[in-house]
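[1] 3D model of this:
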Amino acid sequence: MRYMSKMGKVLVAMSGGIDSTVSALMLHEQGYEVVGITMKTWDYASSGGGKKETGCCNLDSFNDARMAAVEHGFPHYVLDIREEFGGFVIENFIEEYVAGRTPNPCVLCNTHIKWAALLKRADALGCDFIATGHYVKVREENSRFILSKAKDLTKDQSYVLWGLGQECLSRSIYPLGDMLKTEVRQLAWDMGYQELSKKAESYEICFVPDNDYRGFLKRNVTGLEERVDGGNLVLADGKVVGKHKGYPFYTIGQRRGLDIAMGKPMFVTNIDPDTNTVVLGEIHELEAKEMVVRGLNMVKYPSISGEMEAVTKIRYRDAGTESIIIPDGNDVKVIFNHSVSSIAPGQSAVFYEGDDVIAGGVIQNKRR
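    As a prediction, the model looks like this:
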């Protein structure tokens, strides 16, 4: 007869890093029946990159996660989701850049791959809950499960989890939501994981651990350079000022690597794959007051019924801007209280009410 915990059985995603390890050990000490799982999303050796494998998908990380589980007497499994991951996240990553947009693969992976894989395996193992080391909070209110910012706003990850549905949120536990990163490091030290407490964090895309997404695209899209090379760098009025190296290799707001001299700083303000052009402008030309957001996932409320005030974040490190969000069919029109810079189609827009996530979606376009 297996041990039955009054707290319930929880499947904990363990990357081998400090946050997920501390989360698993905290839940274990709190009396949950913990099962650890490490997800292999990508085999970096197959990407042809120049650096050795790093981040969450290498053997050292797997061993670190397994060792922590063994030392504390709970089971640990490795789940290979490379096929699902590659067939969805990486294909979307490539398609978005080829379409002239800037994708956010971590949001897509969290929403459609990792949590789906966790829930499926949780059900198979008889787990009541799933848990991760993300810095967010979840609470139930008015029959909805609401995602909100973590106590440590410098580590808050609600922006990348806006796509989680009510089923995921209802079964998710985030032990670090009420902790500061410094507290997590100290706890790891106190638990006997001194080396782990000092382990550096990785901010790279897991399948581009050398941070060279341009090289990744070149290696993984047959004939890409021949298809996109030789287009024009133009100004907003259409004046040609140079040649680009392939429009997928540029991002909105980019200043470096333009290889032109115009006597003043110039930035990428638009990318047009239909005409194979990259539009340049001065910094004020990056500003816009409106945008359209598509693919909405409602979190705090079932719907947006009319005009609503919200603080809108357009990138992970964005502090957010006060705005009005207006439903427009299946889309949302966003009107900012003041102009914002470098709105990039393909990136996520997340709407907040205080610390709570109202909803999130994908930026479709911007309007000046």
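
[2] Tell me, how many residues neighbour V279?
    Residues within reach of V279, counting by other C-beta atoms under 10 Å, total 22. (C-beta placed from N, C-alpha, C; glycine too.)

[3] Just the pLDDT at the residue nearest to it when sequence neighbours are not counted, thanks.
    In space, and not counting its chain neighbours, V279 is closest to N270: 3.9 Å by C-beta to C-beta, 6 or more residues apart in numbering. You'll see N270 listed with a pLDDT of 95.

[4] ok, now V35?
    For V35, pLDDT reads 97.

[5] contacting residues for it?
    Counting by C-beta atoms under 8 Å, 6 or more residues apart in numbering, V35 touches K9, V10, L11, V12, F74, P75, H76, Y77, L125, C127.

[6] and if we set it to 7 Å?
    K9, L11, V12, F74, P75, L125, C127 (C-beta atoms under 7 Å, 6 or more residues apart in numbering).

[7] now swap in A359 and tell me
    L296, N297, M298, V299, I304, F351.

[8] Rank the residues you listed by pLDDT and give me only the lowest.
    Lowest pLDDT within the contacts of A359 is found at I304 (91).

[9] before we move on, back to that, identify, from the contacts of A359, the entry nearest to Q364.
    L296 (11.0 Å; C-beta to C-beta).

[10] Now that closest one. Its backbone dihedrals?
    Torsion angles at L296 (phi, psi; degrees, to the nearest 10) stand at phi -70, psi 140.

[11] My read is that it contacts V332, right?
    Yes: at 5.9 Å, L296 counts as touching V332 under the criterion of C-beta atoms under 7 Å.

[12] one step back: of the contacts of A359, which is the nearest to G257?
    Using C-beta to C-beta, F351 is the member of those that lies nearest G257, at 32.8 Å.

[13] Got the phi and psi for that closest one?
    The phi and psi values for F351, taken as degrees, to the nearest 10, are phi -110, psi 130.

[14] Who does it form a beta bridge with?
    T312, A359 (DSSP bridges).

[15] Spit out the contact partners of it.
    A310, T312, I325, I358, A359, G360.

[16] Include distance to D274 and pLDDT when you put these into TSV, please.
    TSV is the format used below for those (distance: C-beta to C-beta, whole Å; pLDDT from 0 to 100):
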residue	distance to D274	pLDDT
A310	32	98
T312	28	98
I325	29	97
I358	34	98
A359	30	97
G360	28	97
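
[17] and which of those is nearest I18?
    Nearest to I18 among the contacts of F351: G360, at 26.8 Å, using C-beta to C-beta.

[18] related to what we said a few turns ago, can I get the buried part of the contacts of V35 as one ChimeraX selection?
    With 16 or more other C-beta atoms under 10 Å as the criterion, this ChimeraX line picks the buried residues out of these:
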select :9,11,12,74,127
